[in-house]
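**Student:** got a sequence here, can you model it:
(chains A and B)
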Number of protein chains: 2
Amino acid sequence: MPAIKPNRLLGDLYKLRTFGTYKTGVHRPTFSPEDITARQWFAGRLTEAGLVATVDGIGNILGKSPATGRKMLSGSHLESQNQAGWLDGALGCIYALEAARAIHEAGGDNGVDVVVFVDEEGHYGSFLGSKSFTGLLQEDEIDNARNRYDGTPMRDALARAGYAGRPRLQIEPERYAGFFEAHIEQGDTLESEKLRIGVVTAIVAIWQYGITVTGEQNHAGTTSMMRRRDAGLELVRLLSAIDKRFPELDGPRTVWTTGRIGLEPGSHSIIPGRAEALFQLRDADPAVLDRLHAELFKLADDATRAGPCKIEVNVISQSTPALMDEWLMTALDTAAERYAPGRHIRMPSGAGHDAQWLARKLPAAMMFVPSIGGISHHWSENTSDEDLVLGAQVFTDGIAEALKG
Amino acid sequence: MPAIKPNRLLGDLYKLRTFGTYKTGVHRPTFSPEDITARQWFAGRLTEAGLVATVDGIGNILGKSPATGRKMLSGSHLESQNQAGWLDGALGCIYALEAARAIHEAGGDNGVDVVVFVDEEGHYGSFLGSKSFTGLLQEDEIDNARNRYDGTPMRDALARAGYAGRPRLQIEPERYAGFFEAHIEQGDTLESEKLRIGVVTAIVAIWQYGITVTGEQNHAGTTSMMRRRDAGLELVRLLSAIDKRFPELDGPRTVWTTGRIGLEPGSHSIIPGRAEALFQLRDADPAVLDRLHAELFKLADDATRAGPCKIEVNVISQSTPALMDEWLMTALDTAAERYAPGRHIRMPSGAGHDAQWLARKLPAAMMFVPSIGGISHHWSENTSDEDLVLGAQVFTDGIAEALKG
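**Tutor:** Numbering: from 1, shown residues only, chains lettered A, B, ... in the order given. Now for the predicted structure:
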């Protein structure tokens, strides 16, 4: 079995943290100077590992193995959310690199290609890198993409980075037996159950809704409670009804979130005539999603009939769960049982990952390591060195298992 | 008894609507060209009525009666909210003018001074005109006042209007037996109960609160429902508890309003770590206000103890109810019974008015006429001509009653 080198692994992870250090995390937005330097450094590490590295026209990086036998593809993303953690994305890139190195060093004909997908974190769009690599991104989507914080056109950022004009790499599906991505869990399931490895069964679907309540704007002093058509109050009542009813219908890992509420006109002395909310539902089980979706519309209809306002629910987006490949999951189970007997679990991923796009083209698998305190998208995000090392060994072993065919 | 002249009254009201006409209402913000022209016109009408008119250093207008006997003060405001109704404020100014004319024409020694308070609608501040007239406004408050929509300093607006450098008029309390203000109801109590006159008992107190919920910002996909500390959800639960509990404790005319809700960071995929709301309570009865105030804090404390977030309630402002004078109310009751027997009512004012400031210096009274559909602060605000004429006669009679002493 291939053996990873803990010092090389941790050294590379620590090195990546120097590009855009922010407290104990990193601030490395897509195409920031720190991000571009990190990409250059990573491409150099691929070359040093004996891979043929290319940075393409959107900033994706592919390191191709010279191996002549079966090959796996593995990787993740290098940019970070703003003022965020050092491992989100970076871990999956360095694990893929270490797996490629260890499997090469173990000898044999098989190999690992390493891939880095640009902008998984969505500074310019939604999974632009993995969509590009899987052939699902049109040129005009890049033309129209702008930085969500400062409005910079993506084309300008690509030109400044020196990537403009290069071709965009496309996956060669026949080259690979599958795709593996490693990631921190971003939740506390592993930590709280004293587990060390999570083998992902599916990446959940995200169903997003806009809720709009239309009432009547009026004077908050002269309009009696009886006469009001208070859009804000009716929204509160609907969200309270969801809060009571959804736990009777949900699955074991369903989550739902109201991320934004807006009342119009938003003044202390005016009864809101209009209220809006962004509502989101996540589960890996289509039956659960269908059930809660129907209930959401039913509660809104009931509230419209019973109350003085009109409530409309609009579907903003409905993704499908991305199922991971059973054969690759079993390879990871086997590896996890070898190095952490009894301390691994199969679990869905509540967050989206590049693997959900790769799963459309290849058998795909994901592996989680514990997040300390379940913290994610924050600079204090962390994982113990012991877990980082164990995770890399299990991940490498899992890929090697699967490469046996 | 003095008799108003319906055609003169309605003619003056219609004329005022020509200054800043907007659909069937007006757009006449404080110190807009239309507002300044309206002030000039109104001062001219005061002079024509035999009053000595002055426009002062803040834009207040005072028309002093040459009468040698007892005198009443009466008036309201001329500017409008943006794209708002034609009667809000204007009615109280024209009723005062008509009362002064009719009482003068009826003969005798008694008289009415007519006053117009600038910026009741708060384009630059809060009741700046009536505060100035009652000696409760400092120069530096004018220095610091800016237009809330375009930021224009009030001093610049006063200079452009030609008012800068003039002294500010101050009330001579010993000159008056009391203050009368007429206004549209801005609610639908009179209309829905088929009444024609409301005699105001008190201008309600407004108690304003900021509610802040502190939870933990986290990933909306990877954080289980059990582990969440969702500030937005805890705010919804608190507002829902208020919605259930307050109707068990309120008075017959209490109103409460959540005018604004904000969730941070306000993104569809992030559990809000912080939530804020603006909450307001209005009643004329201090006992009711105290009871609901205590309940608000209790519900917030209960929610903090029972839930995963910390909820803080901060008092932003607490005004006191302005009680109207019993003698003046009785004068209005008597006049109302004469012209609209059995179709008048005593009621509190849910909205603030200049009269609440005048009540600090003089016995004060307010009278309401019906608002069609209860509509207020909107260009479609209206009152039937029949009610406008009846209201002016009752108002004039009420003042004449009170002038008898």
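**Student:** so how far is the helix or strand bottoming out on mean pLDDT in chain A from its chain's centroid?
**Tutor:** Within chain A, no helix or strand scores below strand A:218-219, which has a mean of 90 by mean pLDDT, DSSP states H and E. Strand A:218-219 sits 44 Å away from the centroid of its parent chain (CA atoms, centre = their mean, to the nearest Å).
**Student:** okay, the angle between the helix or strand that that strand is followed by and helix B:231-245?
**Tutor:** With elements assigned by DSSP states H and E, the helix or strand that comes after strand A:218-219 is helix A:231-245. On the basis of axes from the mean of the first three to the mean of the last three CA atoms, to 10 degrees, helix A:231-245 is oriented at 100 degrees to helix B:231-245.
**Student:** identify each buried residue in helix A:231-245, please.
**Tutor:** Using 16 or more other CB atoms under 10 Å in any protein chain shown as the test for burial, helix A:231-245 gives A:231-243. Just so you know, the C-beta spots here come from the backbone N, C-alpha and C atoms, and that holds for glycine as well.
**Student:** ok, and of these, which contact chain B?
**Tutor:** Counting by CB under 8 Å from any CB of the partner chain, the subset of the buried residues of helix A:231-245 that neighbours chain B consists of A:Gly232, A:Leu233, A:Val236, A:Arg237, A:Leu239, A:Ser240, A:Asp243.
**Student:** alpha carbons only: can I get stretch A:211-228 in PDB?
**Tutor:** Output of stretch A:211-228 as PDB, limited to C-alpha atoms (Å, rounded to 0.1, in the frame of the first residue of the first chain):
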ATOM      1  CA  ILE A 211     -41.500  34.100  -0.400                       C
ATOM      2  CA  THR A 212     -43.400  37.300  -1.100                       C
ATOM      3  CA  VAL A 213     -46.200  38.600   1.100                       C
ATOM      4  CA  THR A 214     -48.300  41.400  -0.300                       C
ATOM      5  CA  GLY A 215     -50.400  43.400   2.300                       C
ATOM      6  CA  GLU A 216     -51.200  47.100   2.600                       C
ATOM      7  CA  GLN A 217     -48.800  49.800   3.600                       C
ATOM      8  CA  ASN A 218     -50.400  52.000   6.200                       C
ATOM      9  CA  HIS A 219     -49.800  54.300   9.200                       C
ATOM     10  CA  ALA A 220     -48.600  52.400  12.200                       C
ATOM     11  CA  GLY A 221     -50.500  54.800  14.600                       C
ATOM     12  CA  THR A 222     -53.900  55.300  13.000                       C
ATOM     13  CA  THR A 223     -54.600  51.800  11.600                       C
ATOM     14  CA  SER A 224     -56.200  49.500  14.100                       C
ATOM     15  CA  MET A 225     -54.900  46.000  14.600                       C
ATOM     16  CA  MET A 226     -58.100  44.600  13.200                       C
ATOM     17  CA  ARG A 227     -57.900  46.600  10.000                       C
ATOM     18  CA  ARG A 228     -54.300  45.900   9.200                       C
END
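**Student:** all the helices of chain A, residue numbers only.
**Tutor:** A:6-17, A:33-48, A:90-105, A:128-133, A:139-144, A:154-161, A:189-192, A:231-245, A:286-306, A:326-339, A:355-358, A:385-403 (DSSP state H).
**Student:** many thanks, I have nothing further to ask.
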